[in-house]
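Visitor: 3D, please:
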Amino acid sequence: MARLFVYTKDVQVLTGKGRTAACRLIMAIKKSMDRQNNLPLTVEEFCEYTGLKLDLVLEQLK
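Guide: Residues are numbered from 1 along each chain as shown. Sure, this is the predicted structure:
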């Protein structure tokens, strides 16, 4: 089953950033998409913002 949401630890693994930088990236993505901070970030939104291919990200999240 494919994952729906991306969390801080996932962003760390995918980008190689530290915890604080990963949190800031998630917040920047949510802000650019006018999302509330309490709502989770979807894998599709993460891929759209970063330009990464969805299938590559889903493969890494398994």
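Visitor: Can you name the next helix or strand after the longest helix seen in the chain?
Guide: Longest helix in the chain by number of residues, with DSSP state H as the criterion: helix 19-32. Counting by DSSP states H and E, the next helix or strand C-terminal to helix 19-32 is strand 41-42.
Visitor: strands paired with that next one, and their directions?
Guide: strand 5-6 (antiparallel) (DSSP bridges).
Visitor: buried ones in the worst-scoring helix or strand of the chain on mean pLDDT?
Guide: Taking mean pLDDT, DSSP states H and E as the measure, the chain has helix 54-61 as its least confident helix or strand, at a mean of 91. Buried residues in helix 54-61, counted by 16 or more other CB atoms under 10 Å: residue 57. From N, CA and C alone the C-beta is placed, and that goes for glycine too.
Visitor: what does stretch 31-41 give?
Guide: Buried residues in stretch 31-41, counted by 16+ other CB under 10 Å: 35, 41.
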